[in-house]
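Sequence first, predicted model second:
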Amino acid sequence: TPEPEAKKPGLLGRLIGRGAPDAPRRVLDDEMLESLEELLIASDMGVDTALRVSANLAEGRMGRKISVPELKAALAGEVARIMEPVAKPLPIYPKKPQVVLVVGVNGSGKTTTIGKLASQFKAAGKSVVIAAGDTFRAAAVEQLKVWGDRAGVPVLTAPEGSDPASLAFDAMAKAEADGADLLMIDTAGRLQNRADLMEELAKIVRVIRKRDESAPHNTLLVLDATTGQNALSQVEIFSKIADVSGLVMTKLDGTAKGGVLVALADKFGLPIHAIGVGEQIDDLAPFDPEDFARALVG
Ligand code: GDP
């Protein structure tokens, strides 16, 4: 099937050009491998991962003739191999409520992702409660209410500036009383004051554990794919202040080069539960390693 005009060419598409499928076989030599490494690095894969992927690709292929489609398939295969182990939907626990703590820097897409997830769970027949735990950002609370309305899910709020842990405790009580399947707790994303944020998250966890020792069952870190290599340092920082159990990568519909997902998978091995592919409520997709690899390679 022909590609739509607007589709941006992937890595190899850019390296070898659009007429690629008919190009003659070329010897995979050092020069070609170096160009490939540069492309991988430019795709936000980071140096370490780019070199590892190229080295794996070169194995058994160096000095041999290879056609463009063969090279594309090989590269997509290498990428998919790294991504397959991390492609996992959000695990569902037989706990009521299953508590999902959502963390990430402001602007990463936390609010939007919570709305989209709530809508998906609702559609799957689950009852959901949302707690607007970023009590210092009035706009975030308002935005979460809008998403709650869209998804048909109640959003618990507290007065501006009040203690998020106290809201989390009340939300646990409400979710239990309602017999809700899931409680999603939004949190603040002010990394400027890391010590405060760490304390705030720890306190939220402490109070919800008063009601359920096994909670939170998931700690989702939401990352904006357009921030490139910054996403890596965000994983490092948030893993220090919370027990991050999985990732959601947002804004993969935009200008994100996508390679950062490969770097994340290679470096941390954290599950990627879903990807954000737009601003609408249905724009949250499961992460498919093969589709992703094909799209990245182009
Ligand atoms: P928060 O500050 O982390 O809660 O971030 P928001 O959920 O408010 O999202 C910040 C901006 O990113 C908003 O304009 C969202 O519409 C946008 N956004 C979130 N997820 C996606 C996505 O997957 N794709 C696109 N294109 N935009 C997104």
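Good, I have the coordinates.

After the lengthiest helix in the chain, heading C-terminal, what element do we hit next?
Across the chain, the longest stretch assigned as helix under DSSP state H is helix 194-211. For helix 194-211, the following helix or strand on the C-terminal side (DSSP states H and E) is strand 218-224.

Other residues contacting that following strand?
90-91, 98-105, 107-110, 113, 231, 234-235, 238, 242-251, 264, 270, 273 (C-beta atoms under 8 Å, 6 or more residues apart in numbering). (C-beta placed from N, C-alpha, C; glycine too.)

Torsion angles phi and psi at whatever residue of the chain ends up closest to the ligand?
Nearest to the ligand in the chain, going by C-beta to the nearest ligand atom, is G276, at a distance of 2.4 Å. When read as degrees, to the nearest 10, the backbone of G276 gives phi -90, psi 130.

Might you report the residue contacts of it?
Taking C-beta under 8 Å, 6+ apart, we find G276 in contact with G109, T112, T113, K116, V248, M249, T250, K251, L252, D253, D283, L284.

Tell me which helix or strand the second one sits in.
Read it as T112. Using DSSP H and E, the element containing T112 is helix 110-123.

which residues of this protein fall in strands?
Assigned by DSSP state E, the chain shows strands spanning 26-27, 65-66, 98-103, 128-131, 155-156, 182-186, 218-224, 246-250, 272-276, 284-285.

Tell me the strands beside the fifth one, with direction?
In this case it means strand 155-156. strand 128-131 (parallel) (DSSP bridges).

If you go by neighbour count, which of the contacts of strand 218-224 are buried?
Among these, those buried by neighbour count (16 or more other C-beta atoms under 10 Å) are 90, 98-105, 108-110, 113, 231, 234-235, 238, 242, 244-251, 264, 270, 273.

For the stretch 151-298 of the chain, which residues are neighbours of the ligand?
Within reach of the ligand by C-beta under 6 Å from any ligand atom, the stretch 151-298 of the chain has these residues: G189, T250, K251, D253, G254, G276, V277, G278, E279, D283.
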